[in-house]
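Trainee: sequence first, predicted model second:
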Amino acid sequence: MTHDETALRQQIIATAQDLNNRGFCPSKSGNVSARLKDGFLVTPSGIQYDALTPDDIVLIDAQGHPAASTREGLRPSSEWRFHQAIYQTYAEAQAIAHTHSPMATALSCARKPIPAFHYMIALAGGADIRCADYATFGTEALAQTMLKALDGRKAVLLANHGVVAYGKTLLGAATLAIEVENLARQYLALLGAGLEPVILDEDEMVRVQKSFAGYGKA
């Protein structure tokens, strides 16, 4: 294992632990990954984030197989298929954060997308944050329905499940997942107060997206 790979494994752990400490990954839910060479590194299944070590992070090759060096009994996250699908589809995706953050997950359970009630929606790549159709966790069907909803976006809700966000860096992916939760909380607050959000029109969202072009490095 190279120094760079060890450092990336440590960054994955730090990202997963931060999301967990925010309450976004209860009961070992959620997962984090980063692209590496022809495959990717992903958090393992069934290990508490606080107990992770660099050797626990699983390397998945281009064919979707755990590396031969993977410790016996260690399995990749059950959601490795949708991580692989994103890396195969989006060259710009270098890292992925999947959370079960409370407010965004609540919206996903209502199968309700987040519309352009706030210009920050554009950070996710478009004029809304879609909700993918439901499919059983850990399946190829989920990977495919997620990809469909993710088209033209960097973040998506998974019906009755949670959030997926990708970025150019681990920080970028995690920051976007955090922002999706923030927007979900604001949107639910409006709905809960009986208020009807004023939705920004398509032209404005195009202007915002242009202003966001090159915004930050994530």
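Mentor: Sure thing, it's come through. Numbering: from 1, shown residues only.

Trainee: show me where the protein has its strands.
Mentor: Applying DSSP state E to the chain gives strands spanning 31-36, 39-42, 58-60, 95-99, 131-132, 155-158, 162-167.

Trainee: who does the first one pair up with?
Mentor: If I follow you right, that is strand 31-36. Partners of strand 31-36 in the sheet, by DSSP bridges, are strand 39-42 (antiparallel), strand 95-99 (antiparallel).

Trainee: for the ones you listed, which one sits closest to Ala149?
Mentor: Nearest of the strands paired with strand 31-36 to Ala149, taken as Cβ to Cβ: strand 95-99 at 13.9 Å. (Glycine included, C-beta is placed from N, CA and C.)

Trainee: next one: that closest one to chain centre, how far?
Mentor: Centroid separation for strand 95-99 versus its chain: 3 Å, with Cα atoms, centre = their mean, to the nearest Å.

Trainee: my read: Ala95 touches Asn31, true?
Mentor: No: in this structure, Ala95 is not within contact of Asn31 by Cβ atoms under 8 Å, at 11.6 Å.

Trainee: one step back: redo the strands of the chain as TSV? Include mean pLDDT, distance to Trp80 and mean neighbour count.
Mentor: What follows is these, written out as TSV (pLDDT from 0 to 100; distance: least, Cβ to Cβ, whole Å; neighbours: other Cβ atoms under 10 Å):
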stretch	mean pLDDT	distance to Trp80	mean neighbour count
strand 31-36	97	8	26
strand 39-42	96	5	24
strand 58-60	95	6	23
strand 95-99	98	10	29
strand 131-132	98	17	22
strand 155-158	98	15	27
strand 162-167	98	13	28
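
Trainee: I'd like those written out as TSV, with distance to Leu19 added.
Mentor: Below are the strands of the chain laid out as TSV (distance: least, Cβ to Cβ, whole Å):
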stretch	distance to Leu19
strand 31-36	7
strand 39-42	14
strand 58-60	18
strand 95-99	6
strand 131-132	20
strand 155-158	14
strand 162-167	10
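
Trainee: of all the ones you listed, which lies closest to Leu123?
Mentor: strand 155-158 (8.0 Å).

Trainee: in the sheet, who's paired with the nearest residue to Cys131 once chain neighbours are set aside?
Mentor: What sits nearest to Cys131 in space, not counting adjacent residues and going by Cβ to Cβ, 6 or more residues apart in numbering, is Leu157, at 4.2 Å. Taking DSSP bridges as the rule, Leu157 bridges to Cys131, Val163.

Trainee: what sits against Leu157?
Mentor: Listed by Cβ atoms under 8 Å, 6 or more residues apart in numbering, the contact set of Leu157 reads 104, 107-108, 113-114, 129-132, 149, 163, 180.

Trainee: one more: Gly125?
Mentor: Per Cβ under 8 Å, 6+ apart, neighbours of Gly125: 152-155, 209.

Trainee: which two among those are spaced furthest apart?
Mentor: The span of these, defined through Cβ to Cβ, is set by Ala155 and Gln209 at 13.9 Å.
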